[in-house]
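Colleague: could you look at this predicted model? Sequence included:
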Amino acid sequence: MKGKTGLTILAIVAAVILILVIVSISSCNGLIDSQENVESMKSNVQVDLQRRADLIPNLVSTVKAYAQHEEEIFTAIADARAAMMSAGTVAEMNDASQQMDSAISRLLAISEAYPELKSNENFIALQDELSGTENEIKRSRTKYNEAAQAFNSKIRRFPGVIFAGIMGMEKVDYFEASAGSLDVPVVDFGD
């Protein structure tokens, strides 16, 4: 009888240990998969930002042909592009993207003063391509933020919080809206 009880206790202990090992491995692998998904989505955002940065020189060249004295805007775009190319973290990408958004807006506003530029086929095609790229950036950022939210939740819940601490995993940043994007635009139809 004592032998059977001892074997039963040993079997129960072994089963509990086996379950804990399986849960631990599963949790660690889930965290790693989630972290890799975040990195993959971040890479997709970087690819889209790179595509936008690659379009800018063509757009600038087209605008320069019509608006040669707008050097301040061209410098702002070059600075924004350099910041975007060197951005590594989500915060740096956010800042560089906001800087680029501002510079592009100013560049596109120039076209209002140059009717020939507004009707230039290259300029129109580049604007359309830039618009499509902006939509891709938005989709990539949304997917990244969804992956970041899933990862951040996993590392804050039990048992993920334990394994994330052991593995040195930390919360990841989200992409945020540009400064001023929540401001309501002023529309003036004149009197």
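Modeller: Structure received.
Colleague: who are the contact partners of the closest residue to L55 other than its chain neighbours?
Modeller: Using CB to CB, 6 or more residues apart in numbering and skipping the chain neighbours, the partner closest in space to L55 is L130 (5.5 Å). (C-beta placed from N, C-alpha, C; glycine too.) For L130, the contact set (CB atoms under 8 Å, 6 or more residues apart in numbering) comprises 52, 55, 59, 104.
Colleague: would you mind giving these as a markdown table with secondary structure, distance to N120 and neighbour count added?
Modeller: Below are those laid out as a markdown table (DSSP: H, G, I helix; E, B strand; the rest coil; distance: CB to CB, whole Å; neighbours: other CB atoms under 10 Å):
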| residue | secondary structure | distance to N120 | neighbour count |
| --- | --- | --- | --- |
| R52 | helix | 20 | 22 |
| L55 | helix | 15 | 17 |
| L59 | helix | 11 | 21 |
| I104 | helix | 17 | 22 |
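Colleague: out of those, the closest to A80 would be?
Modeller: I104 (8.1 Å; CB to CB).
Colleague: mind checking how far that closest one is from S97?
Modeller: Look at I104 and S97: by CB to CB, to the nearest Å, they are 10 Å apart.
Colleague: just T75 next, same as before
Modeller: 18 Å.
Colleague: of these two, which one has the most company?
Modeller: S97 (22 against 11; other CB atoms under 10 Å).
Colleague: CA atoms only: put the helix or strand hosting that one into PDB for me.
Modeller: In this assignment (DSSP states H and E), S97 forms part of helix 90-110. What follows is helix 90-110, C-alpha atoms only, in PDB (Å, rounded to 0.1, in the frame of the first residue of the first chain):
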ATOM      1  CA  VAL A  90       9.300  54.000 -33.200                       C
ATOM      2  CA  ALA A  91       9.600  57.400 -31.400                       C
ATOM      3  CA  GLU A  92      12.300  58.500 -33.900                       C
ATOM      4  CA  MET A  93      10.200  57.300 -36.800                       C
ATOM      5  CA  ASN A  94       7.200  59.200 -35.400                       C
ATOM      6  CA  ASP A  95       9.200  62.400 -35.100                       C
ATOM      7  CA  ALA A  96      10.700  62.000 -38.600                       C
ATOM      8  CA  SER A  97       7.400  61.200 -40.100                       C
ATOM      9  CA  GLN A  98       5.800  64.200 -38.600                       C
ATOM     10  CA  GLN A  99       8.600  66.400 -39.900                       C
ATOM     11  CA  MET A 100       8.200  64.900 -43.300                       C
ATOM     12  CA  ASP A 101       4.400  65.300 -43.300                       C
ATOM     13  CA  SER A 102       4.900  69.000 -42.600                       C
ATOM     14  CA  ALA A 103       7.600  69.500 -45.300                       C
ATOM     15  CA  ILE A 104       5.500  67.600 -47.900                       C
ATOM     16  CA  SER A 105       2.400  69.700 -47.000                       C
ATOM     17  CA  ARG A 106       4.400  72.800 -47.600                       C
ATOM     18  CA  LEU A 107       5.800  71.500 -50.800                       C
ATOM     19  CA  LEU A 108       2.400  70.500 -52.200                       C
ATOM     20  CA  ALA A 109       1.100  73.900 -51.200                       C
ATOM     21  CA  ILE A 110       3.600  75.500 -53.500                       C
END
